[in-house]
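Enquirer: below are the sequence and a predicted model for it; my questions follow.
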Amino acid sequence: MLFANRQQEAHLSGRSGWLRAAVLGSDDAIVSTASLMIGVAAASASKQTILIAGVAGLVAGAMSMAVGEYVSVSAQRDSEQADIELEQEELAGEPRAELNELAMIYVKRGLEKELAMKVAQQLSARDRLGSHLRDELGIVTGSLARPLQAAWISATSFASFAAVPIAALLVAPTSQVIPAISVLSLVSLAALGAFGGYLGGAPIGRAALRVTIGGGLAMAVTAGIGRLLGVSAS
């Protein structure tokens, strides 16, 4: 009855791939688009010009995120695939040596040599390649990098959340453009940070604070640059 009751556990690390892409895309969307629009607004640009800058930032940012994530995760996937192919060759060429290597891994983890060899033999009989990938290389075939998934999640999340500062611009009076964009963007960043912390099992307050401070700093810097360039141009 030792294994009669199986409890299904939701491990947070299983979310890492799509969660990283979604959080990175949404946070970057708000920070970069809001900062761009605030910088343009600080240069005394018209509301229409600020809107054009925001929409351009949305499109360019979404495409950039998609391409960047695809290239990055593809490189990771290629590396994983190369390790898998190399391990397959080693298993085919030197099966006994690979079995001993697997057993020694279990010995280093605390098992006695005889028990470690039995464990290695039983696991290899069931899934030889999978056992070596998991315990020797740390690769789980069901959790391999997914370039297309990372690309479309990043692009979609960026495009969706880049609309936040644009929406603030559309509803704000001309005299309150910068405060409206700043406040709505910072509130959204805090909410996203808290939500990301919750999903990832991290402290919510700390996660919200760090993304809010970072976003506020980026907006302040671009506002200062926009004001400086605006004065210089005039």
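Expert: Good, I have the coordinates. Residues are numbered from 1 along each chain as shown.

Enquirer: tell me where the model's unsure across this structure.
Expert: 1-24, 137-145, 231-234 (pLDDT under 70).

Enquirer: most remote residue from the middle of it, which is it?
Expert: Distance to the chain centre peaks in the chain at Glu114, reaching 42.5 Å (criterion: Cα atoms, centre = their mean).

Enquirer: tell me which stretches of this structure form helices.
Expert: 16-42, 47-93, 95-108, 113-132, 147-171, 177-200, 204-233 (DSSP state H).

Enquirer: so which of those helices is the most packed in?
Expert: Mean neighbour count (mean count of other Cβ atoms under 10 Å) peaks for helix 16-42 among the helices of the chain, with a mean of 23. To be clear about C-beta, it is placed using only N, CA and C from the backbone, and glycine gets the same treatment.

Enquirer: give me the phi and psi angles of Glu112.
Expert: Glu112 adopts backbone torsions of phi -70, psi 160, taken as degrees, to the nearest 10.

Enquirer: next one: it from Ser131, what distance?
Expert: 19 Å (Cβ to Cβ, to the nearest Å).

Enquirer: and Ser175, by the same measure?
Expert: From Ser175 to Ser131 the distance is 67 Å (Cβ to Cβ).

Enquirer: and if you look at Ile38?
Expert: For Ile38, the distance to Ser131 - Cβ to Cβ - is 54 Å.

Enquirer: now swap in Gln81 and tell me
Expert: In terms of Cβ to Cβ, Gln81 sits 18 Å off from Ser131.

Enquirer: now do Leu58
Expert: Distance check for Leu58 against Ser131: by Cβ to Cβ, it reads 47 Å.

Enquirer: dump the residue contacts of Gln121.
Expert: Leu99 (Cβ atoms under 8 Å, 6 or more residues apart in numbering).

Enquirer: how about Phe158?
Expert: 25-26, 28-29, 58, 61-62, 65.

Enquirer: between those, which is nearest Gly193?
Expert: Gly193 lies nearest to Ser26 out of those, by Cβ to Cβ, at 10.1 Å.

Enquirer: thinking the closest one is in contact with Ala159, fair?
Expert: No: counting by Cβ atoms under 8 Å, Ser26 sits too far from Ala159 to count as a contact (9.9 Å).

Enquirer: how far is stretch 163-180 from where the chain is centred?
Expert: In terms of Cα atoms, centre = their mean, to the nearest Å, the centre of stretch 163-180 is set 28 Å apart from its chain centre.

Enquirer: for Gln37, which non-adjacent residue is spatially closest?
Expert: If you look again at residue 37, you'll see it is Met, not Gln. Gly54 (4.7 Å; Cβ to Cβ, 6 or more residues apart in numbering).

Enquirer: before we move on, what about Gly68?
Expert: That would be Ser154: by Cβ to Cβ, 6+ apart, it lies 7.6 Å from Gly68.

Enquirer: wait, isn't Thr222 in contact with Ile38?
Expert: Yes: using Cβ under 8 Å, Thr222 makes contact with Ile38 at a distance of 5.8 Å.

Enquirer: how about a markdown table for the contacts of Phe158, with distance to Asp127 added?
Expert: Output for the contacts of Phe158, formatted as a markdown table (distance: Cβ to Cβ, whole Å):
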| residue | distance to Asp127 |
| --- | --- |
| Gly25 | 35 |
| Ser26 | 38 |
| Asp28 | 39 |
| Ala29 | 41 |
| Leu58 | 46 |
| Gly61 | 42 |
| Ala62 | 40 |
| Met65 | 36 |
